[in-house]
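Q: show me the folded form of this:
(2 chains)
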2 protein chains.
Amino acid sequence: MASIKDVAGLAGVSVATVSRVLNDKGYVGQSTRENVEKAIKQLNYKPNEVARSLFKKKSNTIGLIVPDIMNPFFTELARAVEDKATKSGYTIILCNSDGNIDKEKSYLDVLRQNYVNGIIVSSNTLTAAQVKELNIPVVSIDREISKGLPTIVAENNKGAIIATRFLQSKGCKKIGHIRGTHGVANAEERFNGYKEVVSGEPWYDDSFIVNGNFDMQSSIEATKELLTRHPDIDGIFAANDIMAIGAIKVAYQLGMKVPEELKIIGFDGITLSTVLTPELTTIVQPIYELGEKATTMLVHLMEQQPLEKTYYKLDVELIERNST
Amino acid sequence: MASIKDVAGLAGVSVATVSRVLNDKGYVGQSTRENVEKAIKQLNYKPNEVARSLFKKKSNTIGLIVPDIMNPFFTELARAVEDKATKSGYTIILCNSDGNIDKEKSYLDVLRQNYVNGIIVSSNTLTAAQVKELNIPVVSIDREISKGLPTIVAENNKGAIIATRFLQSKGCKKIGHIRGTHGVANAEERFNGYKEVVSGEPWYDDSFIVNGNFDMQSSIEATKELLTRHPDIDGIFAANDIMAIGAIKVAYQLGMKVPEELKIIGFDGITLSTVLTPELTTIVQPIYELGEKATTMLVHLMEQQPLEKTYYKLDVELIERNST
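A: Model prediction:
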């Protein structure tokens, strides 16, 4: 494989000049530039990406920090980010934080030390100050860190209102809610949407809300508790699909018929929601579009192009299937 | 943040000397080394990973090439690889090849140009010669490229034999097979296991085999074709869980009761197989262990430690649930 020295030798210039041409930085005369470009072509020279990284303090990589790739919502998001990043000339470093603040911080350290060009993060714990201190473009996805930061989320509150009203329109008289993780903005918004719809009802109190922590196992426990506490619940709005799937499992174990005796609606629209029997009624977020748009925003930031908007709230849609 | 120059200044040595200490390369006298180490501690200096990469032609990253992270088998594998890699001081660059030879090749180019320390790959198309040419440690996972390469796979043939015999023991008289992708070693091995068990049966011929390409949509088409062709099939062995889930969906659409009229068994043991109703009977591979062990092997290779073995075939286990 040809080296930068070979290119410099053939073009009759110094290595530093070749480097300036490669990185498009510093003055190089037109004819010199042409000679260097000719030599690069002739030798089929492929620049050493790490050397270029060092020069530019960049490495053509994007860090992607998600709580857990095993949650299908984040799997689908990661796939979208990777597809879009590849098309734009970036590779993805994948980081699973488990929503743990120490893991998030140590990943940020590692990513910065590796000179990633930018970071896409879905975090429960980062503050705006911590993000600014990084001095790297950051786009926040699915979970808002601060209004000032480039952010892309879905209409969580609106989606929750639609979901809860839909259960009412299907005849549900007592509706429980399986909450997402405490302290996570989208969990709060979905909870607030639910509360907005039912808080005026005579039956309503806090005992209709259980915490499912956005994962299936917690949701299974939480649903059992909810249905033991209120055996007459006839509708459940779960703050994500994985928790809704957990709730359906519990209903089957308890011999409750879904949707005849208990209607269940989720939130996310993961592919899995179409695979189950019964297929899950859910509030669909445009997951792939979230990932794509976040990557496009980040590429603009990294390449110092202007952003159309720094805050996107993507619309959601109710898809009725067989669980309601 | 302190720079390497600050360290050199405080220790009273040149930057090159600090670099030699950091990278443990070249001669440095004992007292000089101690001075440098003291200065590093005092200034809380964190070495620039990219600069170290350039020096060592390494970057503390591992490339992970899988066909598609959206297949839960690979999601679970990726999570295991990332967990283990992080513990060993490496980050993961995630690459989805879609089983496409051009994508695989361009990822290999990008990974090599970024000086990844090693690659874990699940490929349909790479040859041993291509891998050797890379001159980087490579571990092949789930799909064998060549006996000579470090490889970790599961007992595919044995698992398929167990699955097919199990259907027979449950009373199935005519058993169909949904094959994985043509040309992929594990698909061939599972197919051969099935054939070994049933090829002596009077009813058996090629029309009992359909190609599901390891994905759900193809499996749905394939299962429809299979059940139209042979409405009296009472057992299906699908070469992975996602295809088995597709087959269950089709059975429901056609009004066939699972497991009463049709028994279905999968292969992989993805978490999803426990979520469905009915829960899926399947041949469980130790997916997490596959990912962990592959990473351990690669770390040994990258750090030039001896390997205990270069070829692992992990055992599989039948888990009986409600689809059979």
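Q: low-confidence bits of chain A, can you list those?
A: Flagging of chain A using pLDDT under 70 yields the residue ranges A:1, A:48-59.
Q: can you pull out the helices in it?
A: With DSSP state H as the definition, chain A shows helices at residue ranges A:4-11, A:15-23, A:30-43, A:49-56, A:72-87, A:101-113, A:128-134, A:156-169, A:185-198, A:216-229, A:241-253, A:287-302.
Q: near chain B, anything from the last one?
A: No: with C-beta under 8 Å from any C-beta of the partner chain as the criterion, chain B is not reached by helix A:287-302; the gap is at least 10.5 Å. Where C-beta positions appear, they are placed from N, C-alpha and C, glycine not excepted.
Q: what about the closest residue to A:Gly246 other than its chain neighbours, distance to A:Ile283?
A: Nearest in space to A:Gly246, with sequence neighbours left out and distances taken as C-beta to C-beta, 6 or more residues apart in numbering or on different chains, is A:Ser219 at 3.4 Å. Note on A:Ser219: its distance to A:Ile283, by C-beta to C-beta, to the nearest Å, is 16 Å.
Q: same question for A:Ser19.
A: Distance from A:Ser19 to A:Ile283, by C-beta to C-beta: 52 Å.
Q: and these two? which has more neighbours close in?
A: In this view A:Ser19 and A:Ile283 are compared by other C-beta atoms under 10 Å in any protein chain shown, and A:Ile283 has more residues nearby, 29 against 20.
Q: is that one bridged to anything, and to what?
A: On the basis of DSSP bridges, A:Ile283 is bridged to A:Phe267, A:Leu318.
Q: which parts of stretch A:146-153 are buried?
A: For stretch A:146-153, the neighbour count (16 or more other C-beta atoms under 10 Å in any protein chain shown) marks A:Leu149, A:Pro150, A:Thr151, A:Ile152, A:Val153 as buried.
Q: okay, the second one and chain B: tell me how far apart.
A: If I follow you right, that is A:Pro150. According to C-beta to the nearest C-beta, to the nearest Å, A:Pro150 and chain B sit 22 Å apart.
Q: same check on the last one?
A: Using C-beta to the nearest C-beta, A:Val153 is found at 22 Å from chain B.
Q: surely that residue touches A:Val139?
A: No: with contact defined as C-beta atoms under 8 Å, A:Val153 does not count as touching A:Val139 (11.0 Å).
Q: ok, the residue in the stretch 101-250 of chain A that chain B sits nearest to - how many residues close by?
A: Proximity of the stretch 101-250 of chain A to chain B (C-beta to the nearest C-beta) peaks at A:Gln113, 4.2 Å away. Look at A:Gln113: counted by other C-beta under 10 Å, it has 16 neighbours.
Q: likewise for the one 4 residues further on?
A: Residues near A:Asn117, counting by other C-beta under 10 Å, number 22.
Q: for it, phi and psi?
A: Here the main-chain torsion angles of A:Asn117 (degrees, to the nearest 10) amount to phi -80, psi -30.
Q: can you pull the contacts of the residue lying closest to it once chain neighbours are set aside?
A: Once flanking residues are discounted, A:Asn117 sits nearest to A:Met302: 4.5 Å by C-beta to C-beta, 6+ apart. Neighbouring residues of A:Met302 by C-beta atoms under 8 Å, 6 or more residues apart in numbering or on different chains: A:Asn117, A:Gly118, A:Pro137.
Q: so who does A:Ile65 touch?
A: Contacts of A:Ile65 (C-beta under 8 Å, 6+ apart): A:Cys95, A:Ser97, A:Glu104, A:Tyr107, A:Leu108, A:Leu111, A:Ile119, A:Ile120, A:Val121, A:Ser122, A:Ser123.
Q: now for the third one: which residues touch it?
A: It stands for A:Glu104. A:Ile65, A:Ser97, A:Val121, A:Ser123, A:Thr125, A:Leu126.
Q: would you list these in a markdown table and tack on distance to A:Glu188?
A: Output for the contacts of A:Glu104, formatted as a markdown table (distance: C-beta to C-beta, whole Å):
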| residue | distance to A:Glu188 |
| --- | --- |
| A:Ile65 | 21 |
| A:Ser97 | 19 |
| A:Val121 | 18 |
| A:Ser123 | 15 |
| A:Thr125 | 15 |
| A:Leu126 | 16 |
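Q: in strands, which of the residues you listed appear?
A: Cross-referencing the contacts of A:Glu104 against strands under DSSP state E gives A:Ile65, A:Val121.
Q: and which of the contacts of A:Glu104 is nearest to B:Leu290?
A: A:Ser97 (23.3 Å; C-beta to C-beta).
Q: was I right to think the closest one contacts A:Asn71?
A: No: checked against C-beta under 8 Å, the pair A:Ser97 and A:Asn71 is beyond contact range at 11.9 Å.
Q: so what sits against both of the two?
A: Contacts common to A:Ser97 and A:Asn71, judged by C-beta under 8 Å, 6+ apart, are absent.
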